[in-house]
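J.: Provided below are the primary sequence and the corresponding predicted coordinates.
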Number of protein chains: 2
Amino acid sequence: MTATPSQDVSAALLIIGDEILSGRTQDLNMAYLAKWLNEAGIQLKEARVVPDIEAEIADALNAMRTRYDYVFTTGGIGPTHDDITVDSIAVAFGVPVVTHPEAYAKMEAYYGAENFTPARQRMARVPEGGELVENPVSIAPGIRKDNVFILAGVPKIMQAMLEGIRPLLRVGRKVWTQSLSIHAPESKIAGPLGSVQEQFPGTSIGSYPFYKAGDYGAQVVVRSADVALVTAAMAAVQAFCADAGFKADELSEIA
Amino acid sequence: MTATPSQDVSAALLIIGDEILSGRTQDLNMAYLAKWLNEAGIQLKEARVVPDIEAEIADALNAMRTRYDYVFTTGGIGPTHDDITVDSIAVAFGVPVVTHPEAYAKMEAYYGAENFTPARQRMARVPEGGELVENPVSIAPGIRKDNVFILAGVPKIMQAMLEGIRPLLRVGRKVWTQSLSIHAPESKIAGPLGSVQEQFPGTSIGSYPFYKAGDYGAQVVVRSADVALVTAAMAAVQAFCADAGFKADELSEIA
């Protein structure tokens, strides 16, 4: 709501679900949320995956919600017995679970009274004090409880819910990113790249090796909230590549 | 080493890297490791993603290594300045970082003395007491320090390192899994499925909704270390589907 773009705003993600930890399901929400938050000027600082166990969910949530500006949870808000996210988050906050009258009314209208089964009624439950997050895909809402946003695990629904909460989030400093692929062994890039990092402490510089079809090297990524520092550090990277005769691709856009 | 297949053996995964939290890189190691461990009779109980910050890595590692039988880390063991995993894990254990003579000798022989640069020499460093984990892909080794396995972040290398450590791991009870796709609303499945879960407390039953091209329903997954319970619970699921007239696909193999 309040724009304070000179400050860092932090977030964490709590992924809830045995299906992720068993390898049955490849999580897609973390990468999506990370990018989405970054564009919104919010930095994802930590992510955890926990099983469908109430105490595990509550403990992880309590560790995260006191430490970061926002926590997003994904998964476990459906109609079946293994959907225990709402109950677990209520435990974390030390509040009871209550039926949210607006969610109940909306869902009853959507399904019709005769099809509004006890299982569906479960999806109108929130930790006391929870507000609704709209679900434009399949009606059953997400929930906001203080700084915690309880979202669906199905990526399409989770993504739609995120759009609904965008106006509620405090906007922080955007972190600018630029990358350069260098076709030289990472171990030869390492020395001069470390010097660039020392020269530009206001940036965070990463190096990510790649190997494909006989070609290898490293993608160097420079990140900073100060776009001028990104440009300056990247110019220094290009300069050492030119000096050393390292072949480099074109710079990416700054984004 | 010691086969104790009547016991549960637990593991956790610590993913180290700004590139995952920024959304630049989609993590592929968690799903791979989860399946690989499951087949090895080891259960992945928790995963965390932390940034390239020494204290964050050390704190997360200490929380996990005291709680689970094994911890696997991925990422941050390359030659560049942002590769701080070894240093951070040494901090977690309260030991110094030392050069491992065997790793040093192997890498020197592989690269040749003149190409064994300081950056490459960094990759021969281990937390004191660390043993080598072979890297058949690109020589620079992983590390075992007590119950912690420090692996590469590049999936191909991480996967090759895992094969090398398989003989070192204690084998636990395998958890058997069987699944059934039911073409009915999850909210209608919920009631009878909850009853099956109550009837078979020795199983863990999950329900995962799917939506594709006008078709929707839920995949029911039954998991248990007792294969007979999987079969019995799944028979009960099939029975309620038949009673209710829910169309269901063929049962998966038990695996």
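T.: In hand now; what should we look at?
J.: and the angle for the helix or strand where residue A:30 lies with helix B:29-39?
T.: Using DSSP states H and E, residue A:30 maps to helix A:29-39. Relative orientation of helix A:29-39 and helix B:29-39, computed by axes from the mean of the first three to the mean of the last three CA atoms, to 10 degrees: 160 degrees.
J.: and the residue nearest to residue A:58 when sequence neighbours are not counted, what does it touch?
T.: Here the nearest residue to residue A:58 in space, its sequence neighbours aside, is residue A:92; by CB to CB, 6 or more residues apart in numbering or on different chains that works out to 3.9 Å. For the C-beta atoms, the positions are set from N, CA and C on the backbone; glycine is no exception. By CB atoms under 8 Å, 6 or more residues apart in numbering or on different chains, the residues touching residue A:92 are A:57, A:58, A:59, A:61, A:62, A:65.
J.: try it again at 6 Å.
T.: Residues counted as contacts of residue A:92 (CB atoms under 6 Å, 6 or more residues apart in numbering or on different chains) are A:58, A:61, A:62.
J.: what does residue A:186 give?
T.: A:207, A:209, A:218, B:78, B:79.
J.: confidence score at it?
T.: Residue A:186 carries a pLDDT value of 93.
J.: follow-up on the earlier one: quick one: average pLDDT of the helix holding residue A:30?
T.: The average pLDDT for helix A:29-39 rounds to 95.
J.: likewise stretch A:82-93?
T.: Per-residue scores along stretch A:82-93 average to 98.
J.: list the buried residues in it.
T.: Buried residues in stretch A:82-93, defined by neighbour count with 16 or more other CB atoms under 10 Å in any protein chain shown: A:82, A:83, A:84, A:85, A:86, A:87, A:88, A:89, A:90, A:91, A:92, A:93.
J.: likewise stretch A:134-148?
T.: Per 16+ other CB under 10 Å, stretch A:134-148 contains these buried residues: A:135, A:138, A:140, A:141, A:142, A:143, A:144, A:145, A:148.
J.: how about these in CSV, adding distance to chain B?
T.: Below are the buried residues of stretch A:134-148 laid out as CSV (distance: CB to the nearest CB, whole Å):
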residue, distance to chain B
A:135, 13
A:138, 8
A:140, 9
A:141, 15
A:142, 15
A:143, 18
A:144, 22
A:145, 22
A:148, 18
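J.: coming back round to it: CA atoms only for the helix or strand harbouring the residue nearest to residue A:58, dumped as CSV, please.
T.: Applying DSSP H and E as the criterion places residue A:92 in helix A:85-93. Below are the C-alpha coordinates for helix A:85-93, written out as CSV (Å, rounded to 0.1, in the frame of the first residue of the first chain):
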residue,chain,number,x,y,z
THR,A,85,-2.6,-25.6,6.0
VAL,A,86,-5.4,-23.4,7.5
ASP,A,87,-5.4,-25.4,10.7
SER,A,88,-1.6,-25.3,10.9
ILE,A,89,-1.4,-21.6,10.4
ALA,A,90,-4.1,-21.0,13.0
VAL,A,91,-1.9,-23.0,15.4
ALA,A,92,1.1,-20.9,14.5
PHE,A,93,-0.8,-17.7,15.3
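J.: how far away from the center of its chain is it?
T.: The chain centre lies 20 Å from the centre of helix A:85-93; the measure is CA atoms, centre = their mean, to the nearest Å.
J.: next one: stretch A:163-183
T.: Centroid separation for stretch A:163-183 versus its chain: 11 Å, with CA atoms, centre = their mean.
J.: so is that stretch next to chain B?
T.: No. If you take CB under 6 Å from any CB of the partner chain as the test, stretch A:163-183 misses chain B, and the best it gets is 7.2 Å.
J.: secondary structure added to the buried residues of stretch A:134-148, as TSV?
T.: TSV is the format used below for the buried residues of stretch A:134-148 (DSSP: H, G, I helix; E, B strand; the rest coil):
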residue	secondary structure
A:135	coil
A:138	coil
A:140	coil
A:141	coil
A:142	strand
A:143	strand
A:144	strand
A:145	strand
A:148	strand
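J.: send me stretch A:113-130 as PDB with only the CA atoms.
T.: C-alpha atoms of stretch A:113-130 as PDB (Å, rounded to 0.1, in the frame of the first residue of the first chain):
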ATOM      1  CA  ALA A 113     -26.800 -25.000  -1.700                       C
ATOM      2  CA  GLU A 114     -27.300 -28.700  -2.600                       C
ATOM      3  CA  ASN A 115     -23.800 -29.100  -4.000                       C
ATOM      4  CA  PHE A 116     -22.100 -27.100  -1.200                       C
ATOM      5  CA  THR A 117     -20.800 -30.200   0.500                       C
ATOM      6  CA  PRO A 118     -19.000 -30.400   3.900                       C
ATOM      7  CA  ALA A 119     -15.800 -30.900   2.000                       C
ATOM      8  CA  ARG A 120     -16.300 -27.600   0.100                       C
ATOM      9  CA  GLN A 121     -17.400 -25.900   3.300                       C
ATOM     10  CA  ARG A 122     -14.000 -26.700   4.700                       C
ATOM     11  CA  MET A 123     -12.600 -24.300   2.100                       C
ATOM     12  CA  ALA A 124     -14.400 -21.400   3.700                       C
ATOM     13  CA  ARG A 125     -12.500 -21.800   6.900                       C
ATOM     14  CA  VAL A 126      -9.800 -19.300   7.900                       C
ATOM     15  CA  PRO A 127      -7.500 -18.700  10.800                       C
ATOM     16  CA  GLU A 128      -9.400 -16.100  12.900                       C
ATOM     17  CA  GLY A 129      -8.800 -12.600  11.600                       C
ATOM     18  CA  GLY A 130      -7.900 -13.900   8.100                       C
END
